[in-house]
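Engineer: kindly generate the corresponding structure for this input.
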Amino acid sequence: MEHIGNADERNSHLQRVLGVAFGIAAVVGTCIGQGILRAPGVVAEGVHEPALIILLWIAGGLFSAIDAMSTVELASSIRKSGGPYAFAKAAFGRTAGLATGLADWLGYVGVGAFIAVVFGEYLHRLGIASSVPIPVIAVLVVLAVGVVQALGTRVAGWSQEAGSAIKAVLFLALIAALLLAPRGAPVAAAPPQALTVVGLIIAARAILGTYLGWNAAAYYAEEVTDPRRQIARATFSGIALVTVIYVLVNVALLQVLTPAEMGGSPLAAGDAARRVFGQDADTIVTALSLVSLFTILNMALMTLSRVLYVIARDADVPYLSRVAENGTPIVAACVMVVAEALLAIVGVYAVLLAFSTWLMTAVAATVNLAAIRMRRSKPALDRPYRMPLFPLPAIIALVVNATLLAAFLYESPRTVLRATALLVVVTGAVSVATRRSPGRSATAAFDAGA
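Structural biologist: Numbers count the residues shown, from 1 in each chain. Now for the predicted structure:
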């Protein structure tokens, strides 16, 4: 059977030391965060029937699993780190791969800085380090995560496994507390409005947003010990675990609050906790948020440094493609630490966040297309995981992602145009700067379709 670019055959210095536990932790750590604490209010504002709310959250998990089939098939067969960048390059060539990788990078780079700033704000809410300016705290937490990454792939992986496990346990504890604790009298609320198509679309988009990050394991195809099988196991197990937690969170919230009370709330989980725990609610939810934020930041920095490293390695960029003996792409990680710290200080991350949803959805659609393209162009490729009912899952996911892109364009055409312009400019600049004859470099065999 044909295969593409086994990392060991290409003398890559990334280390195969990560397992299924890390992959699941990557999915859980990336997905579960502030979204599930805030999104239930948006969903309940557009959908007022408890049963329908729960069904929509289940549907979000099912769609994520369908969308994941394209990614898992590509990751288990190409077995190259970098996620969507590697898939698009294999399917459509260097320029498309570069554009996809940079869109992925730009879509997430502002997230890390934003998380670091919010981490500082939440510390202040707890009365911790209140005399320290928030930008300074943001820089310090980015540096702390950078130190963890510098300690090596094993340590970074263990830290993510531990952080995600703690996060899952804390969420389950909150769920149990909301379900079992005595509740106060309900607050009077306005009667719910009728279900509308617009409300349903807004609810669905909010739900899908909380599942972003389900593809986290696919970025580490050169670092998991058995990418042929472990990426599939980690991705689908992670999505299942996230779905269970999300559904249970909403069941618990609906035990405490009515849909009308949840509707439009900027922090429905906080409102429910306040109903049960009183004045201690803010402390509980804030502490839970801090754990969530740290694990997301840890995963974001680890993943983005891999994307940057693989792009640099494929272009034979010196220094930036250097890997330390402990497996960390050390220069790329340092660049990411500096970038996140500067974005947190200056506040430019807000601009990138405005672009992120459009860019990430465009990347997802590209991966769906890449899966279909690779089946046609390389039918003999070794595919340990083959999506069932091909190409139906890829087409379903592509239609949904394309619909979301159209909705974003309709709602915010200027933002979409600016995001596209930024991507074109950055892709052009990087393409020109890295266009050279690398000879038989580490990626020459991959580019030749070995």
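Engineer: helices of the stretch 201-350 of the chain, start to end?
Structural biologist: Here the stretch 201-350 of the chain has its helices, by DSSP state H, counting those that start in this stretch, at 227-256, 259-262, 268-277, 281-314, 330-346, 349-377.
Engineer: dump those to a markdown table, plus distance to Leu151, mean pLDDT and mean neighbour count.
Structural biologist: In short, each C-beta sits where N, CA and C put it, glycine included. Listed next are those as a markdown table, based on distance: least, CB to CB, whole Å; pLDDT from 0 to 100; neighbours: other CB atoms under 10 Å:
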| stretch | distance to Leu151 | mean pLDDT | mean neighbour count |
| --- | --- | --- | --- |
| helix 227-256 | 22 | 96 | 22 |
| helix 259-262 | 42 | 90 | 22 |
| helix 268-277 | 33 | 90 | 23 |
| helix 281-314 | 12 | 93 | 23 |
| helix 330-346 | 11 | 94 | 21 |
| helix 349-377 | 26 | 93 | 21 |
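Engineer: list phi and psi for Leu18.
Structural biologist: Dihedral pair for Leu18: phi -100, psi 150, per degrees, to the nearest 10.
Engineer: nope, Gly327 is what I meant
Structural biologist: phi 100, psi -10.
Engineer: so what's it up against?
Structural biologist: 13-15, 17, 152-154, 223 (CB atoms under 8 Å, 6 or more residues apart in numbering).
Engineer: so which of the helices of the stretch 201-350 of the chain is nearest Lys167?
Structural biologist: Closest of the helices of the stretch 201-350 of the chain to Lys167 is helix 281-314, at 5.3 Å (criterion: CB to CB).
Engineer: and that closest one, how far out from the chain middle?
Structural biologist: Centroid separation for helix 281-314 versus its chain: 9 Å, with CA atoms, centre = their mean, to the nearest Å.
Engineer: what of stretch 73-81?
Structural biologist: 18 Å.
Engineer: hmm, back to that, and the contacts of Gly327, which are buried?
Structural biologist: 13-15, 152-153, 223 (16 or more other CB atoms under 10 Å).
Engineer: in strands, which of those residues fall?
Structural biologist: The strands, defined by DSSP state E, take in nothing from the buried ones among the contacts of Gly327.
Engineer: how about these in a markdown table, adding distance to Gln279?
Structural biologist: Formatted as a markdown table, these follow (distance: CB to CB, whole Å):
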| residue | distance to Gln279 |
| --- | --- |
| His13 | 53 |
| Leu14 | 49 |
| Gln15 | 48 |
| Gly152 | 43 |
| Thr153 | 43 |
| Glu223 | 45 |
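Engineer: format those as a markdown table; extra columns: pLDDT.
Structural biologist: Shown next, in a markdown table, are these (pLDDT from 0 to 100):
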| residue | pLDDT |
| --- | --- |
| His13 | 77 |
| Leu14 | 91 |
| Gln15 | 93 |
| Gly152 | 96 |
| Thr153 | 96 |
| Glu223 | 96 |
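Engineer: which one of these is nearest Ile58?
Structural biologist: When those are compared against Ile58 (criterion: CB to CB), the nearest one is Glu223, at 31.9 Å.
Engineer: stretch 212-228: which residues count as buried?
Structural biologist: 212-224, 227-228.
Engineer: chain neighbours aside, what residue packs nearest to the residue positioned nearest the centre of the chain?
Structural biologist: The residue lying closest to the centre of the chain (CA atoms, centre = their mean) is Gly213, at 2.5 Å. The shortest distance from Gly213 to any non-neighbouring residue, by CB to CB, 6 or more residues apart in numbering, is to Thr30 (3.0 Å).
Engineer: so which bits of stretch 139-149 are buried?
Structural biologist: 139-142, 145-146, 148-149.
Engineer: what about those, which are in helices?
Structural biologist: 139-142, 145-146, 148-149 (DSSP state H).
Engineer: can you list the residues you listed in CSV and add distance to Val399 and pLDDT?
Structural biologist: Listed next are those as CSV, based on distance: CB to CB, whole Å; pLDDT from 0 to 100:
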residue, distance to Val399, pLDDT
Val139, 42, 96
Leu140, 44, 96
Val141, 39, 96
Val142, 38, 96
Val145, 37, 96
Gly146, 40, 96
Val148, 40, 96
Gln149, 38, 95
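Engineer: make JSON lines out of those and add distance to Phe119.
Structural biologist: Shown next, in JSON lines, are these (distance: CB to CB, whole Å):
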{"residue": "Val139", "distance to Phe119": "11"}
{"residue": "Leu140", "distance to Phe119": "10"}
{"residue": "Val141", "distance to Phe119": "5"}
{"residue": "Val142", "distance to Phe119": "9"}
{"residue": "Val145", "distance to Phe119": "10"}
{"residue": "Gly146", "distance to Phe119": "14"}
{"residue": "Val148", "distance to Phe119": "15"}
{"residue": "Gln149", "distance to Phe119": "17"}
